[in-house]
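Student: No sequence on hand, only this structure:
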Ligand SMILES: [Zn+2]
């Protein structure tokens, strides 16, 4: 942070959140809050709430949330500093001019420095595309039917033929070797010294959902290898949690996403008006992707992968992953073309729209693919196929869903549905005894559920503490911020405790301590969890007590796990914690 906490807080206080957000979207007063249509996801009934009292916003649909800074950052795609300047100007507060000294740059945390160097690299690549030396690359993009407008929208660029050009440019801007290498923009070896990772490539900056450049993809010009090269994973670039194009697709008016394989597919689709297209980044679709999609309020996706075998298999594998997260998936075929990019070029947007209309149910499609391995005209072939289909049908956990699919399969393959049901049951029993293949998966899931459960308790307790000082006063002796094992929760707890000691809780101010939008979102969630509506006071007290005990027990478990046998101070602390737990167990805690 380059500005003092006091100054940041002053700017925040002067910018009333209801006034600021009203400038962007229409809000209506309902009870103590204001409601409107969420600008961060597609919806028809308002679930976006703004509280004047808390000076926060929160969307009950997609979980977007934060204070006035977060809103401006998300809406205008500003960095924290940019949002601060914007809001200071809005109310006529003067910010001191700050020289960005080298030391100041070094001090800012690693993540924001990585974002900064990536942004500088993206601007450099973009400028290169407009140079004489970038002409071939520019012509290549135009040759692939991209408009100047879409090239700008996606920030496409060019890395030229010199192998240390970017490196020298970034050095001239004051970035250190260490940072440039950490960002994956260059690597160092004894023979060649420091050299650029990307050269002679068309560059696709990869942005996170908040439009921050987190990495790059590069397509080689000409015949070099590899054809496509991606940035390595870095502290800000996690391929399994980011989708290419999502920063633009997130505001689509369509209720579903199109997921494809490549950068060019996404760009071609956006240019053709399908602004809801995204791509996974050279990896198979993961749970992380699925969660990202569902967090943003999407419940349906259309997979539009390449027509080859690999693409078909990848699409089929993605279906259950999406389903686990509550997202239904359909599959769009691109035959006779290779991928959406080629399809759009040859057939146009209307034909693509028609393919969306003809999309196939993911499960039925996987059977169609499976079918190719069997000769359905021979009785043996058909029997083997049905057995395999039955095995797949056993993977539906829910009775009713399984039953519906049994009917659909029976109809599609003209077999008696009761016969098929018998077969499915038989296969299920056999699998239960002979092939415990799903066991490890379940165990892993259970472990995750346990961990999630403990974190959820910590979250609920924080929500309670933020709402009710009476609870805080009763448990402050027994529960300290250190009992919160998740770093973000611990930090929030520390500030909350401090605020109570100084008088009053100020949720929006807590956010000033975080500069990352995803963190703001999470903190806002802490102050908007609904915990009371269903319970009588007695039930509430019971639930609260259970939550507190769970938090304390888990904290002790964690401390025990991390304790080294020679750590006497740690041991003493652990003993104290156990006494506190005993006291807590006896304590009656009342809610207001
Ligand atoms: Zn929303």
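Tutor: In hand now; what should we look at? These figures come from a predicted structure and were not determined experimentally. Numbers count the residues shown, from 1 in each chain.

Student: What is the end-to-end distance of stretch 209-228?
Tutor: Length of stretch 209-228, first residue to last, C-alpha to C-alpha, to the nearest Å: 22 Å.

Student: which of the residues in it are buried?
Tutor: 209-221 (16 or more other C-beta atoms under 10 Å). To be clear about C-beta, it is placed using only N, CA and C from the backbone, and glycine gets the same treatment.

Student: Also stretch 370-378?
Tutor: Judged by neighbour count using 16+ other C-beta under 10 Å, the buried positions of stretch 370-378 are 371, 374.

Student: do stretch 549-558 as well
Tutor: 549-556.

Student: Got phi/psi on the closest residue to residue 244 other than its chain neighbours?
Tutor: Spatial nearest neighbour of residue 244, chain neighbours left out: residue 279 (4.4 Å); criterion: C-beta to C-beta, 6 or more residues apart in numbering. Main-chain dihedrals, residue 279, degrees, to the nearest 10: phi -140, psi 150.

Student: do residue 229 as well
Tutor: Backbone dihedrals for residue 229, given as degrees, to the nearest 10, come out at phi -130, psi 130.

Student: and it, bridged to which residues?
Tutor: Counting by DSSP bridges, residue 229 is bridged to residue 218.

Student: Surely it is in contact with residue 220?
Tutor: Yes. Using C-beta atoms under 8 Å, residue 229 is in contact with residue 220, at 7.3 Å.

Student: For this structure, name the helix or strand with the lowest mean pLDDT.
Tutor: helix 102-107 (a mean of 55; mean pLDDT, DSSP states H and E).

Student: any common contacting residues for residue 229 and residue 220?
Tutor: residue 201 (C-beta atoms under 8 Å, 6 or more residues apart in numbering).

Student: Show me the beta-bridge partners of residue 189.
Tutor: Per DSSP bridges, the residues bridged to residue 189 are residue 193.

Student: re the thing from before, my guess is the residue nearest to residue 244 contacts residue 267. True?
Tutor: No. Using C-beta under 8 Å, residue 279 is not in contact with residue 267, being 9.5 Å away.

Student: For residue 586, see how far away the closest residue to the ion within the stretch 151-300 of the chain is.
Tutor: Nearest residue of the stretch 151-300 of the chain to the ion, counting by C-beta to the ion: residue 297, 5.9 Å away. Distance of residue 297 to residue 586, computed by C-beta to C-beta, to the nearest Å: 45 Å.

Student: So these two - more neighbours on which side?
Tutor: residue 297 (19 against 6; other C-beta atoms under 10 Å).

Student: Let me know the secondary structure of residue 57.
Tutor: strand (DSSP: H, G, I helix; E, B strand; the rest coil).

Student: Whichever helix or strand residue 538 is part of - what's its average pLDDT?
Tutor: If you go by DSSP states H and E, residue 538 is part of helix 537-562. The average pLDDT within helix 537-562 is 88.

Student: Can you tell me what sits against the following helix or strand past that helix?
Tutor: Per DSSP H and E, the first helix or strand lying C-terminal to helix 537-562 is helix 568-586. Here helix 568-586 makes contact (C-beta under 8 Å, 6+ apart) with 475, 477-479, 548-549, 552-553, 555-556, 559-560, 563-564.

Student: Output the residues you listed as JSON lines; include the columns distance to residue 365.
Tutor: Compiled in JSON lines, the contacts of helix 568-586 are given as follows (distance: C-beta to C-beta, whole Å):
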{"residue": "475", "distance to residue 365": "54"}
{"residue": "477", "distance to residue 365": "60"}
{"residue": "478", "distance to residue 365": "55"}
{"residue": "479", "distance to residue 365": "51"}
{"residue": "548", "distance to residue 365": "49"}
{"residue": "549", "distance to residue 365": "48"}
{"residue": "552", "distance to residue 365": "50"}
{"residue": "553", "distance to residue 365": "47"}
{"residue": "555", "distance to residue 365": "48"}
{"residue": "556", "distance to residue 365": "50"}
{"residue": "559", "distance to residue 365": "50"}
{"residue": "560", "distance to residue 365": "50"}
{"residue": "563", "distance to residue 365": "53"}
{"residue": "564", "distance to residue 365": "54"}
